[in-house]
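Asker: Okay, sequence plus prediction incoming.
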Amino acid sequence: MTSQVIIGNWKMNGLVADARTLARAVADGVSSDTGPRVVVCPSFVHLSTVAAELSGSAVALGAQDCHHEGRGAFTGDISAPMLADIGVRYVILGHSERRAGHQELDEMVRQKAVAAASAGLVPVVCVGETQDQRAAGQARDVIGYQIEGSLPQDFAGIVAYEPVWAIGTGQSASIDDIADMMAFIRAELARQFGEGGKTMQILYGGSVTPRDASAILRVAEVGGALVGGASLKPESFLDIVRASA
Ligand code: PEP
């Protein structure tokens, strides 16, 4: 059985010293032999510091975005080859905060996923409906379209289901809702990608805490968790790691 993946998304938090301390605590708390794959995603400017702290540990390094081109005149952007070059292995793409705050559309996310894979990174593509879409009964349509538009046809990465209304609210989706959407996403992946879609790893994200991690990580089709707020507290994040199968 594929091991679960627990990813910490540190977002735009902390200074260098905070990133170093957090990375060290996570590296010390994760053993190499058992449990899930563990990934932390600091901000771009903290990647090298965190890479040094994680060196020799069982924790992998991830980034929170990348550009869809490998190089060129794109002021302020960071390419996938640049990330791979400094030891990044995973990259979060299409996070709802980037879709909303940087007008990232499915097609752009898809191009980024292609760029990430060709640089040898594992793309972690986020999908999720807003509260309004959910209330209007559109959750499944929205997720279906996001999968179709954001994942390249040869996608071999990870999908993260992150209902926008559950992110950063302290209120994760209910176990029944997660189970329902996971079953839908699995069926959709199988429909759109055939055999590959049957084994693609699907994470849940949205206010995961140590309190509910165990139940969430045991829902059928949940292949791990994408953790925001709780990943900034080493003990909380490590409790979530320990709650994994
Ligand atoms: C996220 O932003 O990816 C996330 C899951 O955040 P939080 O855990 O804080 O809801």
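Answerer: Nice, I can see it.

Asker: residue contacts, the residue in the chain that the ligand sits nearest to?
Answerer: Residue of the chain nearest the ligand, by CB to the nearest ligand atom: G228 (2.1 Å). Placement of C-beta: from N, CA and C, glycine included. Applying CB atoms under 8 Å, 6 or more residues apart in numbering, we find G228 in contact with 9, 11, 167-168, 205, 207.

Asker: same thing but 7 Å
Answerer: 9, 11, 167-168 (CB atoms under 7 Å, 6 or more residues apart in numbering).

Asker: And the pLDDT at it?
Answerer: On pLDDT, G228 comes in at 98.

Asker: can you pull out the helices in the chain?
Answerer: 16-29, 47-54, 80-85, 96-101, 106-118, 131-135, 139-150, 175-193, 195-199, 210-217, 234-243 (DSSP state H).

Asker: Switch the ones you listed over to JSON lines; also include mean neighbour count and mean pLDDT.
Answerer: Formatted as JSON lines, the helices of the chain follow (neighbours: other CB atoms under 10 Å; pLDDT from 0 to 100):
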{"stretch": "helix 16-29", "mean neighbour count": "17", "mean pLDDT": "98"}
{"stretch": "helix 47-54", "mean neighbour count": "19", "mean pLDDT": "98"}
{"stretch": "helix 80-85", "mean neighbour count": "20", "mean pLDDT": "98"}
{"stretch": "helix 96-101", "mean neighbour count": "17", "mean pLDDT": "96"}
{"stretch": "helix 106-118", "mean neighbour count": "20", "mean pLDDT": "98"}
{"stretch": "helix 131-135", "mean neighbour count": "14", "mean pLDDT": "97"}
{"stretch": "helix 139-150", "mean neighbour count": "18", "mean pLDDT": "98"}
{"stretch": "helix 175-193", "mean neighbour count": "17", "mean pLDDT": "97"}
{"stretch": "helix 195-199", "mean neighbour count": "13", "mean pLDDT": "95"}
{"stretch": "helix 210-217", "mean neighbour count": "18", "mean pLDDT": "97"}
{"stretch": "helix 234-243", "mean neighbour count": "20", "mean pLDDT": "97"}
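
Asker: just to revisit the earlier point, I'd like the distance between the residue of the chain closest to the ligand and S96.
Answerer: From G228 over to S96 the distance is 11 Å, taken as CB to CB, to the nearest Å.

Asker: Next, show the common contact partners of those two.
Answerer: Counting by CB under 7 Å, 6+ apart, the shared contacts of G228 and S96 are I167.

Asker: quick one: contacts of stretch 175-195?
Answerer: 140, 143-144, 147-148, 155, 159, 161, 197-198, 200, 202, 204, 215-216, 219-222.

Asker: and the protein, which of its residues are near the ligand?
Answerer: Applying CB under 6 Å from any ligand atom, we find that the chain lies next to the ligand at 9, 162, 167-168, 205-208, 226-230.

Asker: between the residues you listed, which is nearest G128?
Answerer: E162 (4.1 Å; CB to CB).

Asker: Surely the closest one and S207 touch.
Answerer: No. Between E162 and S207 there is no contact under CB atoms under 7 Å: 9.9 Å.

Asker: Next one: the residue of the chain most remote from its centre relative to I92, how far apart?
Answerer: Here the centre of the chain is the reference, and by CA atoms, centre = their mean the most remote residue is A73, at 27.7 Å. Using CB to CB, one gets 25 Å for the distance from A73 to I92.
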